[in-house]
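> 3D model of this:
(chains A and B)
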Amino acid sequence: MEIERPDPDELLARVERDKAKARRGRLKIFFGAAAGVGKTYAMLLAARERRSENIDIIVGLVETHGRKETAILLEGLEVLPPKLINYRGTTLREFDLDAALKRKPSIILVDELAHTNAQGCRHPKRWQDIEELLDAGIDVYTALNVQHLESLNDDIGQISGIRVWETVPDTVFEEATEVELVDLPPDELLDRLKDGKVYLPQQAAEAIKNFFRKGNLIALRELALRQTANRVDAQMLDYREDNSIREIWQVSERIMVCIGPNAMAERLVRAGKRLANSLRAEWLVVYVETPELQRLAAEKRDAVLRILRLAEQLGAETVTLSAPDMSAAIIKFSNERNVTKIVMGKPTRRGLKRLLFGSIVDVLISHAHNINLYLLGSPQGDDDSKGTKTDQSLYQKSPLPGLSAKLTTRKKGYYLGYIWAIVVTLSSALLARLMFGRFELANLSMFFLLGVVFTATRFGRGPSVLASFLGVAIFDFFFVTPYYTFSVSDSQYLVTFLAMLTVGMVISNLTANVRSQAKVAAHRERRATVLYAMSKDLATSQNEDEIVRTAVRHLYTEFSSRNVILFPDADGRIVYPKGRILPESLCAADLSVAQWVMDHNEIAGKGTHTLPGAEAIYFPLSNEESVLGVLVLLPVNLRRIFLPEQQKLLDTFLRQIAQAITRVRLAEHARITQVDIEAERLRNSLLSSISHDLRTPLATIVGSASALVEEDDALKPEDKRELSRAIYDEAQRMSSLVNNILDMARFDAGAVALNKQWYPLDEIIGTVLTRLQKRLGGRPLSVKLPPGIPMIYVDAVMIEQVIMNLLENTLRYTPEGSPVEIMAEVSSDAMEFSVADQGPGIPAGSENHLFEKFYRVRHEAAQSGVGLGLAICKAIIGAHGGNIQAQNRPTGGAVFSFVIPLDQSPPLMGPEE
Amino acid sequence: MTNANPVIVVIEDDPAIRLFLRTGLGAHGFKVFEADRGKQGIIEAGIRKPDIVILDLGLPDMDGVDVIKTIRGWSVMPIIILSARSTEQYKVDALDAGADDYLTKPFSLGELLARIRVALRHSVGSPAQEQSGIFTTGSLKIDLLKRQVVVGDSEVHLTPIQYRLLSVLIKNAGKVLTHQYILKEVWGPSYRDNSHYLRIYMSQLRQKLETDPTQPQYLLTESGVGYRLKV
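I've put the predicted structure just below:
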């Protein structure tokens, strides 16, 4: 009995996965409140201890800053030589990542987790180097000050008045296996500072001294302690979870941070992150782009983009919503995603303004009943005007250098709108002038209003405002007494003016919104169309080559960037494709960058954190299991690629391409497996067939011949004749078997070339029947051929063999003396031939198997052939482009028939001379 | 040359087949000389003055077709070739080079004796037929002088080409004729590539002479090689 056992391959894969997880190195962070608390010292002490335990520990990079007691600790430890990088005349000592990877110790010490690498290093940040070390399975000891933690950066900046630009994502800190707090009371630290035991860079000595105020140090110490405590808390929770001491969470919290294009955004994101951390909740960062916000300057939009990317780095999911009504969009989205808490800035509109125009906060309070609102106040003095300034600074430290590429605005169309506004208003005035005197003045004002509406619908807000003012001015100047002055005698016209202006503004606002919504809708639709077009093309692509070509073309169309998809060779090394080069193909990809992306399944290149110096962007093309290849995209406009919406689109593209490739690879794999199975089955049946079918006649031959040789005297003459006859018959049978096997082998080897010529059908049939004369014996045979001399264009020798095999088959499997019918029909484009019998017929279900190699209806029957005859028929008819089939006749018996296309007309015969 | 003890030279490298030919043919009164190489075979054919040469096409030292050409350089003695299957073109080449007939391995002694008889008859000539000018086989009777063709009791009218085709076959009755040979004899050298002409006329001839053209008794097709008039 078969016991169901787990698939060994799957087991192996699971073990591999577990191993991979275990293989990732452990990160130990020596965490301190400020410089000088002795992190490096503690780290080196720990290293020496490991060393004494005979663990392979080396020093990757440690700054002793000339301190003796630290330098002493370095003695006896293996120190990796630093990588020297020439930067503007000075030589910088940087950590040599590649050397470390090559050396591959058990543990490596790399100081200053927050360090920013010099240009020319693989990663801009040291923490990325360390990530790579961890990925390679190397344990890392490193040191970090609390102020460098991304989410605390802002708060500490406020406390200390000094902002550090070198930050480390919180995830790195959170994912550290161990955090060792190196603590020193502020007074002792200040003493050390006084003794010159704390290293301070010369140029910023003053500012930093300011930093080392006791108040600051106490605050920093508190933050560091609290951060460590939080971690311990989290570890505790993890432990409880791991050990299934889990309380059932009632509701999982989901926090939504709403940001706008102002200075608050970054603080909001950091606050959201902290809240999410403390609640262990999922968090989202949402930016609602209203039509007004779409008109923001490119720099401001970039700043928002940067904040969204920061949020992503901090672990948030980011969403950009396009909607005209901010509060409605927020409420709708928060309901969709079951948000429990919203974090946003305090309303900036105050007093009457807030009363008149309302604020999002008020709407949320009255409409989102089950959502808790967290409002963050802006730090003192940080109002809108200052906000702009901060935006600028944020923008400058944008990690995406290419994002500064300015969006070219549509200036030309812009001015055209204003010109049109003037033209339209003047036309209205002209029309009103013509009607002047015949109509009431109030009605004449309607012409101007019409002009405003027209301008608003066609050219948007600015021109329509101009049209409103211009209309009012002209109306006043030309049509209202006293004429040709702007003074107004009747005060009631002031109401008319006001109404005209208001209507103009309102309408222009409305139409502007409608226009922008239409634009958004059009954009979305286009995106859907683009995606649909690509998925359709990908779905119809039959092979990998076609998929790649389709993908490259579509990527080019959508992102107007030349691109190329690279695949690894059998050894996993990325190689340049050998196939045809498309006009959209990129021919200047850096294979080493691609290789890195391939190995790490992470994006790299321009605009990213890895190898940002590269010309192009390198995206991994991966499915759930592995990285299939690398997409290299040479961006024309980096902004267009890193916009959240565009990035999602690109992600979708990549996923679809990867899926399509996976699909064809699986299909190919299945096909190969099928072929292998088929070949295996064939080999087995060939062996069993040959051993059976060749041995049986051989046994007879050997036996009979030995009797003749050895028992010559004892045998009667008639016995001798009988034995000889048996040898002769069996030898004949073997001969035909061997012929069949050889024929099939020739077909399988593809060594058969058709020698097609025009033959009269009756000659072919005649040849076969003559050869089979003896075997047909006394069987009733009827041959029905079309009248005349039908010609067919075939390889006669082969078709004769088909007919021969079919007839032999019939003779073999039908009772002696039962009739055989041969029928043929020839039309202008095909010939149909059939052999029918009145025998037992074909067993149901075997119709399709009959033509397979080595298939036999009755396996054990000694009388049968090797089971190749019909397979040869199929091969020959197939080579002629035809079709062969077998079926049972309704009147009993079987009919085998084949059709051959005759794609040429028979040759003409000249009349006989 | 006498018919009493015809001499046969067998050029064949396989000893088992030589043994079979030697004993089989010896039993029927033939005097058999053997050679296992082409060169030796040509010498044997020269010194033994055989009535028939039986030649295996697959010889280790030289091409069978070259052996035929060499022998044909000085003699018209009948040559029967032995060949493996599935090499129709090779047979045709050998026949076109001057071989008289062929047999495909494996073959029986009976088949070989029949071919030898036909070959001997042709080399000696058929005096009875030539003198009377009348060829008869089965129910077929052709008066070559009167150009009269009779099947059973009724006379059959043939077109000039049909008759020419038939007469070429009769002249070589029992022998296999390649398409090329017949085309050259009937239509002339310029028609060598129009073998479908030949097939159509052969078909027409069969329909006129055979009782059942799909089971011909006289005008036999040698698949992939040519035609043979059965005697």
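
> Beta-bridge partners for the nearest residue to B:I134 once chain neighbours are set aside, please?
Leaving out its chain neighbours, the residue that sits closest to B:I134 by Cβ to Cβ, 6 or more residues apart in numbering or on different chains is B:D143, at 5.3 Å. From N, CA and C alone the C-beta is placed, and that goes for glycine too. Beta-bridge pairing of B:D143, defined through DSSP bridges, involves B:I134, B:Q148.

> and stretch A:296-308, average pLDDT?
Averaged across stretch A:296-308, pLDDT comes to 78.

> buried ones in the host helix or strand of A:S366?
Assigned by DSSP states H and E, A:S366 falls within helix A:360-367. Residues of helix A:360-367 classed as buried by neighbour count (16 or more other Cβ atoms under 10 Å in any protein chain shown): A:I360, A:V361, A:V363, A:L364.

> is it possible to export those to TSV including distance to A:L501 and pLDDT?
Formatted as TSV, the buried residues of helix A:360-367 follow (distance: Cβ to Cβ, whole Å; pLDDT from 0 to 100):
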residue	distance to A:L501	pLDDT
A:I360	28	79
A:V361	31	81
A:V363	28	81
A:L364	32	81
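
> In this structure A:T116 contacts A:K125, no?
Yes: using Cβ atoms under 8 Å, A:T116 is in contact with A:K125, at 6.1 Å.

> who has more neighbours, the two?
Counted by other Cβ atoms under 10 Å in any protein chain shown, A:T116 and A:K125 do not tie: A:K125 has more neighbours, with 22 against 15.

> Pull the residues that contact the helix holding A:S366.
Helix A:360-367 has contacts (Cβ atoms under 8 Å, 6 or more residues apart in numbering or on different chains) with A:258, A:326-327, A:330-331, A:342, A:344, A:346-347, A:354, A:371, A:373, A:375.

> Other residues contacting the next helix or strand after it?
Remark: after helix A:360-367, the chain's next helix or strand is strand A:372-376, criterion DSSP H and E. With Cβ under 8 Å, 6+ apart as the test, strand A:372-376 has contacts from A:264, A:267-268, A:271, A:275, A:340-347, A:361, A:364-365.

> tell me which of those residues is nearest to chain B?
When those are compared for distance to chain B (Cβ to the nearest Cβ), A:T340 wins out at 83.6 Å.

> Pop out the phi and psi values for that closest one.
The phi and psi values for A:T340, taken as degrees, to the nearest 10, are phi -100, psi -20.

> And it, how far from A:A311?
To A:A311, A:T340 is 18 Å away according to Cβ to Cβ, to the nearest Å.

> Which one's more surrounded, the two?
Neighbour tally, A:T340 and A:A311, criterion other Cβ under 10 Å: the higher count belongs to A:A311, 26 against 18.

> Per the annotation, how does chain B divide into domains?
For chain B, automatic domain parsing gives the domain ranges B:7-124, B:127-229.

> I'd like these laid out as JSON lines, including mean neighbour count.
Formatted as JSON lines, the domains of chain B follow (neighbours: other Cβ atoms under 10 Å in any protein chain shown):
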{"stretch": "domain B:7-124", "mean neighbour count": "18"}
{"stretch": "domain B:127-229", "mean neighbour count": "17"}
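
> Can you lay out those domains as JSON lines showing mean pLDDT?
Putting the domains of chain B into JSON lines (pLDDT from 0 to 100) gives the following:
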{"stretch": "domain B:7-124", "mean pLDDT": "88"}
{"stretch": "domain B:127-229", "mean pLDDT": "86"}
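
> about what we covered before: among the buried residues of helix A:360-367, which pair sits farthest apart?
By the measure Cβ to Cβ, A:V361 and A:V363 form the most distant pair in the buried residues of helix A:360-367, at 7.4 Å.

> re the thing from before, generate TSV for the domains of chain B, with distance to A:L694 as supplementary columns.
Listed next are the domains of chain B as TSV, based on distance: least, Cβ to Cβ, whole Å:
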stretch	distance to A:L694
domain B:7-124	15
domain B:127-229	26
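
> among the ones you listed, which is nearest A:V503?
Distance to A:V503, taken as Cβ to Cβ, is lowest for domain B:127-229 among these, at 93.3 Å.

> Show me how far the closest one is from its chain's centre.
Relative to its chain's centre, domain B:127-229 lies at 14 Å (Cα atoms, centre = their mean, to the nearest Å).

> and the lengthiest helix in chain A, how far from the chain's centre?
Counting by DSSP state H, the longest helix found in chain A is helix A:644-710. Offset of helix A:644-710 from its chain centre (Cα atoms, centre = their mean): 33 Å.

> That helix - what's its average pLDDT?
Per-residue pLDDT over helix A:644-710 has a mean of 83.

> And whichever helix or strand B:L113 is part of, what does it pack against?
Take DSSP H and E as the rule and B:L113 turns out to sit in helix B:109-124. With contacts taken as 3 or more Cβ pairs under 8 Å, 6 or more residues apart in numbering or on different chains; DSSP states H and E, helix B:109-124 sits against helix B:15-27, strand B:52-56, strand B:79-83, strand B:101-104.

> The ones you listed: which one's closest to chain A?
Set against chain A and scored by Cβ to the nearest Cβ, those come closest in strand B:101-104, at 10.3 Å.

> Name the nearest residue to A:A879, sequence neighbours excluded.
Ranked by Cβ to Cβ, 6+ apart and with sequence neighbours excluded, the top spatial neighbour of A:A879 is A:L754, at 5.9 Å.
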